[in-house]
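Chemist: Below is the sequence, then the predicted model.
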Amino acid sequence: MRKIDIFDTTLRDGEQSPGINLNTAEKIEIAKQLERLGVTVIEAGFPASSPGDFDAVHQIAKTVKNSIVTGLARAVKSDIDAVWEAVKVAEQPHVHTFIATSPIHMEYKLKKTPDQVIEQAVAAVKYAKEKFSLVEFSCEDGFRSDKEYLVRIINEVIKAGATTINVPDTVGYASPQEYGALFRFLRENCTGADNVKFSAHCHNDLGMAVANSIAAMENGADQIECTINGLGERAGNAALEEIAVALHIRNDIYPVETGITLKEIKRTSQLVSRLTGSVIQPNKAVVGKNAFAHESGIHQDGVLKHKETYEIISPALVGEGDVPLVLGKHSGRAAFRDRAETMGFELSDDKLNKAFEDFKKLADRKKEVTEEDLVTILTEQQISIEDVAVFELKSVQVQYGSAHIPTATVVVQTPAGQQEIFSGTGNGSVEAIFNTLEQIADEKVKILDYRVKSVGQGEDALGEAVINVEYKGYKYTGRDAAQDVLEASAKAYVNALNRHLIQASTRALAVN
Ligand SMILES: CC(=O)SCCNC(=O)CCNC(=O)[C@H](O)C(C)(C)COP(=O)(O)OP(=O)(O)OC[C@H]1O[C@@H](n2cnc3c(N)ncnc32)[C@H](O)[C@@H]1OP(=O)(O)O
Ligand SMILES: CC(C)C(=O)C(=O)O
Ligand SMILES: [Mg+2]
């Protein structure tokens, strides 16, 4: 199968992301992981740019054995010398030298004529070739360069000894058709093109870096330059993980081999994110937190019946562990039942439906329904007794103001199935609720203890209330949870009275 080399530039172009600054130890760790990942070339830095960068490239060249290590150099002798000093210890010393070839860069940045640029490029490649067996030459801003001029400069640097020709879309301006067509044109028109590798290097300014890289590959590029998590100057470079997985999954239309060990992708991405401090966007393809998370009921039902209904990449392929279905406001019964069973709950259909209703109400109000919330909701149903008619709190409303007497209004469905409204007052909101609910009891309810606590963390955590009462000579503990502590308190009170009804019915059964 045709081999496509993966040239990783996380440690060079990736480090050009604003805010990223890796020290030598961190770069070595990343380089070792890139080697495990199986990249062909590691661009470890720009040795002439600082002593720190020089040291990192040098240490990496000494450490890494299974990937080629290179460094970037302007088309000047001193930069090329710096790369040589840094990587000469490597088995296959490689240098990546470049000069801009677009009219705008040549005129305004380099302040050189096109002929002067060719002269400087040729001199640099010839000089590099005296030391290095592998010389990559990049036409910076290649995509915005004149095509005929590109052919001229490429022909000259091939003659001078370049082994790889990189044609970057430095500012991320290309479309896939245009970038692919450029590679086809260069392959067909450069003399000596068959003796060198062509390389693509795409930036993501218009979100097309991965598509452009693949278009180049389809049109003759042998190497793709990319970074982990798509890091890089401005909007970043083409994301290595997306390219490697796309070429693997769509092998039917891209019959190529990259040599990437796909199951190392997740670990590499996490390591780079941690060491660079660059957070991965949740919906990032392949490595984002949501890349394999199914949220909506119809998708979850499909995935539970047959994974491939909505999953084209298995998480295990890229070294990702099991990803539980996300339970949220869009989830359906199938996912809810699946999670309840996974958590070890065995509920009747009726109880499961009731728990599902509570879950849906909560999911409507909360950003994220946590595992603890689920345990609370499911436990409530597990411990409820189905056959005894009990009170059900339908709604609670409290009016509170520092200058007014707190007043509560509750709607309760009685064990006989009727809905009744009660209202009452108290010294505080909770007392107003309890005084009001006492009206559903046959006699005085003595409150022995009452506590509230939050389940989980954050301001939208569930509140759980526990109340100990003495009623008709017996002591009962009522408890319940809701997003609002006042509602949880009302439900806990009703739960305590219901426990009396349940116990009374159990006692009656025992007597009969
Ligand atoms: C598209 C890319 O990603 S290119 C790589 C970008 N990476 C970096 O720039 C690495 C970090 N850079 C640095 O540390 C510094 O810019 C250095 C050490 C490289 C150079 O620093 P300085 O000597 O102070 O130059 P400065 O950065 O101000 O300007 C760059 C000079 O290099 C010249 N230059 C730019 N590209 C090239 C090139 N490929 N070949 C030769 N000369 C070049 C510019 O024309 C400019 O020259 P001038 O000073 O005569 O006008
Ligand atoms: C140095 C070159 C290859 C580069 O990073 C670019 O043109 O984007
Ligand atoms: Mg770049």
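Modeler: Right, received. Where do you want to start? Ligands and ions are numbered 1, 2, ... in the order given.
Chemist: low-scoring pLDDT stretches of the stretch 151-300 of the chain, where are they?
Modeler: Regions of the stretch 151-300 of the chain meeting the criterion pLDDT under 70 are absent.
Chemist: now the closest residue to ligand 1 within it, nearest residue through space, not along the chain?
Modeler: Taking CB to the nearest ligand atom as the measure, the stretch 151-300 of the chain has Thr170 as its residue closest to ligand 1, at 5.1 Å. All C-beta spots, glycine's among them, are computed from the backbone N, C-alpha and C. Closest residue to Thr170 apart from its sequence neighbours, by CB to CB, 6 or more residues apart in numbering: Asp141 at 4.4 Å.
Chemist: Equivalent analysis for Thr164, please.
Modeler: Nearest non-adjacent residue to Thr164, counting by CB to CB, 6+ apart: Glu136, 4.0 Å away.
Chemist: How about Ala416?
Modeler: Here the residue nearest Ala416, using CB to CB, 6+ apart, is Ala389, at 7.3 Å.
Chemist: if I look at the one you found, how far off is Ala490?
Modeler: Distance of Ala389 to Ala490, given as CB to CB, to the nearest Å: 19 Å.
Chemist: For my notes, confirm the residue nearest to Thr164 occurs in a strand.
Modeler: Yes. Assignment of Glu136 by DSSP: H, G, I helix; E, B strand; the rest coil places it within a strand.
Chemist: for it, what are its contacts?
Modeler: 70, 94-97, 162-166, 199 (CB atoms under 8 Å, 6 or more residues apart in numbering).
Chemist: isn't Ile447 right next to Ala465, touching?
Modeler: No. Using CB atoms under 8 Å as the test, Ile447 is too far from Ala465 to be in contact (11.9 Å).
Chemist: For the two, indicate the residue with more neighbours.
Modeler: Neighbour count, other CB atoms under 10 Å: between Ile447 and Ala465, Ala465 has more, with 24 against 16.
Chemist: Mind listing the residues bridging to that one?
Modeler: Val452, Asp480 (DSSP bridges).
Chemist: can you give me the offset of stretch 241-251 from its chain's centre?
Modeler: With CA atoms, centre = their mean, to the nearest Å as the basis, stretch 241-251 stands 18 Å off its chain's centre.
Chemist: buried residues in that stretch?
Modeler: 241-248 (16 or more other CB atoms under 10 Å).
Chemist: And stretch 206-215, what's buried?
Modeler: For stretch 206-215, by 16+ other CB under 10 Å, it's 208-215.
Chemist: Among these, which lie within helices?
Modeler: Secondary structure assignment by DSSP state H places 209-215 of these in helices.
Chemist: List just the nearest of those residues to ligand 2.
Modeler: Using CB to the nearest ligand atom, Ala209 comes nearest to ligand 2 of these, at 10.4 Å.
Chemist: residues in contact with the residue found closest to Ile421 once you drop the neighbours it is linked to in the chain?
Modeler: Of all residues not flanking Ile421 in the chain, Val411 sits nearest, at 5.4 Å (CB to CB, 6+ apart). Shown in contact with Val411 (CB under 8 Å, 6+ apart): 393-396, 419-421.
Chemist: Mind doing that once more with 10 Å?
Modeler: Taking CB atoms under 10 Å, 6 or more residues apart in numbering, we find Val411 in contact with 392-397, 419-422.
Chemist: Quick check: bridge partners of Val167?
Modeler: On the basis of DSSP bridges, Val167 is bridged to Ala200.
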